[in-house]
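Undergrad: Turn this into a structure:
(one chain, ligands or ions: 1)
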Amino acid sequence: MSFDTLGLIEPLTRALTAAGYTEPTSVQAEAIPAALAGKDLMVSSRTGSGKTASFILPALTLVMKAREQQRAAAPQQAQQPRENREQRNDGPRQYTKPRGPRVLVLCPTRELAMQVSKAAMDYGRYVPGLSVATIVGGVPYPAQLKALRGPLDILIATPGRLIDHLGAGKAVLENIEMLVLDEADRMLDMGFIDDIHHIAQSTPEKRQTVMFSATFSGATGGLAKQLLREPQRIDVASHTDTHADIEQRLHWADDFGHKNALLDHILTGREVDQALVFTSTQRDAEVLADRLAEMGHAVEALHGGMPQGRRNRVLQNLRSKRLRVLVATDVAARGIDVPTISHVINFGLPMKEEDYVHRIGRTGRAGRTGLAVTLAEKRDFGMIQRIQRFTTQRMPVATITGLEPKRAEPKPLTPRPGFGVGKPAGKTFGPRPFGAKPFKPAGKSFAKKPGPRPER
Ligand code: AMP
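TA: Below you'll find the predicted structure:
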């Protein structure tokens, strides 16, 4: 199948050829024709599948077609008496209300928003005068205000900052024809539900809405019901994907020192083009990046606590290959699209199972293969099991010669008859087996133990 068969116009197919893409990915083949037909869509597709192009290409098509219609209407307009004409640049200078963009893309994080903007500019490189603005938190307001005032085709934003501009009356959303929610599940996880509703209500009801999410269960499904009209469901891949391009390995470490030794060994390997090392907290990311820098690695940390300017510089350094190792947290790494990342290393485990899938999706991109290595201690056993249940795949256990663990590999305990696991709460007698959930009497709520602070 080629891109021409999807109904894309020439400037876009030319940009795709320039990018070296010969055929659409599965999600593109399904989503592009449906989006071009004006349908509302619910799309489940993993990162790395080419999902950005599957909404940006229809968005660019919409922008170009609208311009053509405007141009066709222009001669008729010119024949009308001047007072009936729309405000034009050649008339006396008057304040004109900004028209506002035709397309709005909402993204959970700044990094993802920047990535989408870059894709819009890349795929739209042959669209004359294309105007794309990115509105994200952590950067100064004046440049954003200027962008919002100007003629604008596509607006890409994180919900929080867009709400600020809406509240101040600086963002005009009344001309939106297409609303895209990228990684909707993640936006809900981050607490953006009210912001999303508020933003959607500020756009015309007759808009087209396209929603991308790893899952459409629970709150995400509820949001889809509220925002979409007779949506077409496209389910290209799920978290149970086999990730054929990504080899997964699990190394058991006896203790923290052993985990560091394993990491050092892997990072000095020649086969590492670029490595993305994940930690659980911002602090861990900084400490580890400092240690690796002392060892002579070209490394930097990336986390949500860093100012946006610095985060951009770090990402730029990663893309230009000035960095070989990036130590990052989940939130900051979301949306990183650097095809030369050959290794993802989980030094600290994620807080949530689905983050594991997002992490490993940073490698094995754009037709390359990647290696995802997880370094785990015995106390991580529960999370490893949860990840394996979530992905429905086993992480094959591996060892490195000379660095084999001395401790035996943790194994799930088989419950002895009559002891706890699987029995209804309240009917358990005797000691609780290791790893079993504590007995919870009905009607009483137990406060969760504070874990490491999630990064926002
Ligand atoms: P995404 O899932 O949107 O993050 O895209 C993953 C990667 O695939 C990006 O590096 C894209 O530039 C690349 N890509 C997108 N579409 C294609 C295609 N049709 N053929 C090859 N690579 C693609």
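
Undergrad: I'd like the mean pLDDT over the one helix or strand Gln115 maps to, please.
TA: If you go by DSSP states H and E, Gln115 is part of helix 110-123. Mean pLDDT, computed over helix 110-123, is 95.

Undergrad: The nearest residue to Asn312 once chain neighbours are set aside: how many residues sit nearby?
TA: Using C-beta to C-beta, 6 or more residues apart in numbering and skipping the chain neighbours, the partner closest in space to Asn312 is Met114 (7.4 Å). For every residue, glycine as well, the C-beta is placed using N, CA and C. By the criterion of other C-beta atoms under 10 Å, Met114 has 21 neighbours.

Undergrad: do Arg149 as well
TA: Per other C-beta under 10 Å, the neighbour tally for Arg149 reads 13.

Undergrad: What of Leu106?
TA: For Leu106, the count of nearby residues is 26 (other C-beta under 10 Å).

Undergrad: Contact partners for it?
TA: By C-beta atoms under 8 Å, 6 or more residues apart in numbering, the contact set of Leu106 is 157-159, 162, 179-182, 187, 196, 199.

Undergrad: The ligand contacts on this protein?
TA: Proximity of the chain to the ligand (C-beta under 6 Å from any ligand atom) is limited to residues 21, 24-25, 28, 47-53, 337, 339, 365-366.

Undergrad: export the helix holding Gln115 as PDB, just CAs?
TA: As requested, the backbone C-alpha atoms of helix 110-123 are provided in PDB (Å, rounded to 0.1, in the frame of the first residue of the first chain):
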ATOM      1  CA  ARG A 110       5.600  19.400  27.000                       C
ATOM      2  CA  GLU A 111       7.900  17.000  25.400                       C
ATOM      3  CA  LEU A 112       5.100  15.300  23.500                       C
ATOM      4  CA  ALA A 113       3.700  18.600  22.400                       C
ATOM      5  CA  MET A 114       7.100  19.700  21.000                       C
ATOM      6  CA  GLN A 115       7.400  16.300  19.200                       C
ATOM      7  CA  VAL A 116       3.900  16.800  17.700                       C
ATOM      8  CA  SER A 117       4.900  20.300  16.600                       C
ATOM      9  CA  LYS A 118       8.000  19.100  15.000                       C
ATOM     10  CA  ALA A 119       6.000  16.400  13.100                       C
ATOM     11  CA  ALA A 120       3.500  19.100  12.000                       C
ATOM     12  CA  MET A 121       6.300  21.200  10.600                       C
ATOM     13  CA  ASP A 122       8.100  18.300   9.000                       C
ATOM     14  CA  TYR A 123       5.000  16.800   7.300                       C
END
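
Undergrad: List of residues touching that helix?
TA: 12, 15-16, 19, 52-53, 56-57, 59-60, 105, 107, 130, 132, 134-138, 154, 156-158, 182-183, 308, 311-312, 315, 332-337.

Undergrad: try it again with 7 Å
TA: With C-beta atoms under 7 Å, 6 or more residues apart in numbering as the test, helix 110-123 has contacts from 12, 15, 19, 52-53, 56-57, 60, 105, 107, 132, 134, 136-138, 154, 156-158, 182-183, 308, 332, 334-337.

Undergrad: just stretch 27-42 next, same as before
TA: Residues contacting stretch 27-42 (C-beta under 7 Å, 6+ apart): 1, 6-8, 24, 43, 45, 49-51, 53-55, 57-58, 61, 208-211, 216, 224, 228-234, 236.

Undergrad: Tell me how far stretch 105-115 lies from the chain's centre.
TA: Distance of stretch 105-115 from its chain centroid, counting by C-alpha atoms, centre = their mean, to the nearest Å, is 7 Å.

Undergrad: Could you pull out the buried residues of that stretch?
TA: Neighbour-count burial for stretch 105-115, counted by 16 or more other C-beta atoms under 10 Å, picks out 105-115.

Undergrad: which one of the residues you listed is nearest the ligand?
TA: Nearest to the ligand among the buried residues of stretch 105-115 is Gln115, at 7.0 Å by C-beta to the nearest ligand atom.

Undergrad: Show me where the stretch 301-450 of the chain has its strands.
TA: Taking DSSP state E, counting those that start in this stretch to define them, one finds strands in the stretch 301-450 of the chain at 325-328, 341-346, 370-376.

Undergrad: would TSV of the ones you listed with mean pLDDT be doable?
TA: Below are the strands of the stretch 301-450 of the chain laid out as TSV (pLDDT from 0 to 100):
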stretch	mean pLDDT
strand 325-328	97
strand 341-346	95
strand 370-376	95
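
Undergrad: Relative to Asp254, which of these is closest?
TA: Closest to Asp254 of those, according to C-beta to C-beta: strand 370-376, at 11.0 Å.

Undergrad: returning to that earlier point: check the strands of the stretch 301-450 of the chain for me and report the most buried one.
TA: Counting by mean count of other C-beta atoms under 10 Å, strand 325-328 has the highest mean neighbour count of those, with a mean of 28.

Undergrad: Could you name the helices and strands sitting against that one?
TA: Using 3 or more C-beta pairs under 7 Å, 6 or more residues apart in numbering; DSSP states H and E, the elements in contact with strand 325-328 are strand 274-278, helix 282-294, strand 299-302.

Undergrad: Tell me what angle the first one forms with strand 341-346.
TA: Calculated by axes from the mean of the first three to the mean of the last three C-alpha atoms, to 10 degrees, strand 274-278 forms an angle of 20 degrees with strand 341-346.
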